[in-house]
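K.L.:
quick one, fold the following:
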Amino acid sequence: MTKDTKAQLKGCPSNNPARNLTLADIEVMGKRICNWGRWGADDELGTLNFIGAEELKAAAALVRKGKAISLGLEFNCDGPQKTGWGGRFNPIHTMLATGTDAVAGSQDHMKIRYADDMVTMPLQCGTQWDALGHVFNGDKMWNGYDAALVSSTGAKKNGIEKTRSKMMGRGVLLDIARFKGGDYLEDGYGISNDDLDACARAQGVEVRKGDFVIVRTGQMEQRLAEGDWGTYAGGDAPGLRFETAEWMHRKEIAGICTDTWGCEVRPNEVPEATQPWHWVVIPMLGITMGEIFNLRELAIDCKEDGVYEFLFCAPSLPITGAVGSPINPMVLK
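P.N.:
Okay, the predicted model is just below:
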């Protein structure tokens, strides 16, 4: 974006969510929203179980104008992980064979001229899903499985490959930044249950059982406009308040996605814990979450046509035992 475009961006000030929550509050919330056993003792899908045949047929009927929109950030060395948290780094793209090899004649003994390449990257370095084996609550993961079942050879339970045919359904965009009157929410803005409900009402859309709810904060667009990711990966950010764990449980949604690195508000609301919302919504509620979604084009399109519901399709790569997966989420309207 140009400097003129950057200058026009308007932020919504932080609302300073309470940070007096404790580790005890995490325990209480975890018990309150716990879905363990809801779909049987052997379940590894969690809230994706809310998507059935009727939900899929209804989602397919939302394709009306024949427009496809990608929500994926390009995977390259200029991604958000330059100051990556937890050892994550941007993708490293390596060419194994090139056109220069071909024109030099070095491939002619193979009787074919070609290009080939590879990528080395953490599975959660860009637009991605968190699998149910990604975060633990104490020594347990989703559905009460022992956290030790995720070993150096991968996840024996709750691996991302179990979701291979489940990441599709009705999607709903909640454009919180625009609803609040700005282009983006300032770092530290905590999105409340009331914000989610009020935004849905203002947009004329209902959040239903089995939905993929996509929450726009505008943070990614603001960082791209600045031309500097800064501390996007693991630093302060707008995001969902801890209380929204109850909202997701009550609404019975299938998945939650945002345009930020970690979905929840940072600084975190429990000073003694990193990503306390993750502690309960992944292992206790059983929700699969998407992070680092590029929502600019979708937000513009929804504003223009006033339609905030659509067919959402974002299959994970079925990497056996993985606890995350890179994706290119698609919206069809």
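K.L.:
which helix or strand in this protein has the lowest average pLDDT?
P.N.:
helix 3-8 (a mean of 48; mean pLDDT, DSSP states H and E).
K.L.:
quick check: mean pLDDT of the helix or strand following that helix?
P.N.:
Counting by DSSP states H and E, the next helix or strand C-terminal to helix 3-8 is strand 11-12. In this model, strand 11-12 has a mean pLDDT of 76.
K.L.:
next SSE after strand 11-12?
P.N.:
That would be, after strand 11-12 and using DSSP H and E, helix 23-33.
K.L.:
chain center to that next one, what's the gap?
P.N.:
Computed by C-alpha atoms, centre = their mean, to the nearest Å, the separation of helix 23-33 from the middle of its chain amounts to 23 Å.
K.L.:
do you know the pLDDT at the nearest residue to Gln219 once chain neighbours are set aside?
P.N.:
Leaving out its chain neighbours, the residue that sits closest to Gln219 by C-beta to C-beta, 6 or more residues apart in numbering is Thr260, at 5.2 Å. Where C-beta positions appear, they are placed from N, C-alpha and C, glycine not excepted. Residue-level confidence at Thr260 comes out at 98, pLDDT.
K.L.:
list the contacts for the nearest residue in space to Lys162 that is not next to it in sequence?
P.N.:
Distance criterion C-beta to C-beta, 6+ apart; nearest residue to Lys162, sequence neighbours excluded, is Glu44 at 4.6 Å. By C-beta atoms under 8 Å, 6 or more residues apart in numbering, the contact list for Glu44 reads Leu132, Trp142, Asn143, Lys157, Asn158, Gly159, Lys162.
K.L.:
quick check: Glu44 vs Lys140, distance?
P.N.:
Distance, Glu44 to Lys140, by C-beta to C-beta, to the nearest Å: 14 Å.
K.L.:
dead centre of the chain: give me the residue that sits there.
P.N.:
With distances taken as C-alpha atoms, centre = their mean, the residue of the chain nearest its centroid is Gly290 (1.6 Å).
K.L.:
helix or strand right after the helix or strand hosting that one?
P.N.:
Here Gly290, judged by DSSP H and E, is contained in strand 288-291. Counting by DSSP H and E, the next helix or strand C-terminal to strand 288-291 is helix 296-305.
K.L.:
got the domain ranges for this protein?
P.N.:
3-85+124-332, 92-119 (automatic domain parsing).
K.L.:
pull up the distance across the last one, start to finish.
P.N.:
Between the opening and closing residues of domain 92-119 there is a gap of 6 Å (C-alpha to C-alpha, to the nearest Å).
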